[in-house]
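Sequence first, predicted model second:
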Amino acid sequence: MLRLFRWLVLAALAAAVLLGRPWQYLPPQWNPWEPLAVDHPMTPVTQWKLQRLGDDAEQCQAVLEAAPEGALDYTPLRDYTPVEGCPLVNVVRISRTDVEFNASFTVTCPVAVAWVMYERQQLQPLAASLLGSRLQQVEHFGSFACRNIYHRADARRSQHALANAFDVAAFRMADGTRISVLKDWNNDTEPAKSEFLRQAHSQACRYFRTVLGPDYNQPHENHFHLEGSGFGFCR
């Protein structure tokens, strides 16, 4: 009888919670049922929503479509296989965001969402506070490349083979200042450039599942590798 009473109490409490819907009073970035938006501050719930977009192309497209005007110029792409053995699924072609790029590029939709969030929430504020200027252009080494990791024949496929990674090499400010990952990661003469890169790298780890830079290994000394898969590896 006592056990039955406990189950009835638990059932009553569960019903009260469901009927009261307390989550509706949560801020949108903490509400698991609220659709993701690119201006939502990053929280564990926001990260969970971002990861789920990989399995929901329609919802991911909806997030991009709802982005503020001027946040990005992109083209949704149908799933296709540009190179045999490297099919692309849930991808978009980005021409520009609020900044210019040295070339357009194709990435998975979740990486596109993560980039826009990262750019708006971290890169632009860092540029203003550390360099007193606005970020105007990003130079990159591309996203899609049908290859194995480090081009090794016996290695597993790189996330670049799925367009699920993006390599950033340099940043250019509106005042003409150029910040290169290769030249400015350890820049004692112009420490603000080095500080910008180090904070940009650190904050990227909140938006991308794998982030690699100059402190990881020699192949990454000249760029940040921003990837949409992994378990939170940041070096």
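Everything's here; your move.

Tell me where the model's unsure across the chain.
1-25 (pLDDT under 70).

Domain ranges for it, per the record?
Per the record, the chain has its domains at 1-30, 35-234, by automatic domain parsing.

roughly how far is the longest one from the heart of the chain?
So the one you mean is domain 35-234. 6 Å (CA atoms, centre = their mean, to the nearest Å).

Can you measure across it, start residue to end residue?
27 Å (CA to CA, to the nearest Å).

still on that earlier bit, okay, the domains of the chain, which one's buried deepest?
domain 35-234 (a mean of 17; mean count of other CB atoms under 10 Å). C-beta here means a position set from N, CA and C on the backbone, and glycine is covered the same way.

ok, the closest residue to residue 72 other than its chain neighbours - contacts?
Nearest residue to residue 72 in three dimensions, chain neighbours excluded: residue 97, at 4.3 Å (CB to CB, 6 or more residues apart in numbering). Residue 97 sits next to 71-73, 115-116, 119 when contact means CB atoms under 8 Å, 6 or more residues apart in numbering.

from these, which ones fall inside helices?
115-116 (DSSP state H).

With distance to residue 39 as added columns, please give the contacts of residue 97 in TSV.
Formatted as TSV, these follow (distance: CB to CB, whole Å):
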residue	distance to residue 39
71	9
72	13
73	18
115	14
116	9
119	11
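
List the contacts of residue 34.
By CB under 8 Å, 6+ apart, residue 34 lies in contact with 26, 28.

Look up phi and psi at residue 170.
Note on residue 170: backbone dihedrals following degrees, to the nearest 10 are phi -160, psi 160.

Touching, it and residue 178? I think so.
Yes. Taking contacts as CB atoms under 8 Å, residue 170 lies within contact range of residue 178: 6.1 Å.

ok, for residue 219, nearest residue in space, not its chain neighbours?
residue 150 (6.5 Å).

tell me the phi and psi of that neighbour?
Main-chain torsions, residue 150, degrees, to the nearest 10: phi 60, psi 20.

returning to that earlier point: how far away is the residue nearest to residue 72 from residue 170?
Residue 97 sits at a distance of 16 Å from residue 170 (criterion: CB to CB, to the nearest Å).

Please, where are all the helices along this structure?
Under DSSP H, the chain gives helices at 2-20, 44-52, 57-65, 109-118, 124-126, 181-184, 191-204.

which one of those helices lies closest to residue 37?
Checking these against residue 37 by CB to CB gives helix 57-65 as the closest, at 6.9 Å.

ok, of the contacts of residue 97, which one's closest to residue 234?
Of all those, residue 115 has the smallest distance to residue 234: 16.3 Å, by CB to CB.

pretty sure that closest one is touching residue 107, no?
Yes. At 7.5 Å, residue 115 and residue 107 qualify as touching, with contact defined as CB under 8 Å.

okay, and the common contacts of the two?
Counting by CB under 8 Å, 6+ apart, the shared contacts of residue 115 and residue 107 are 94, 166.

Which one of the helices of the chain lies nearest to residue 222?
helix 181-184 (3.8 Å).
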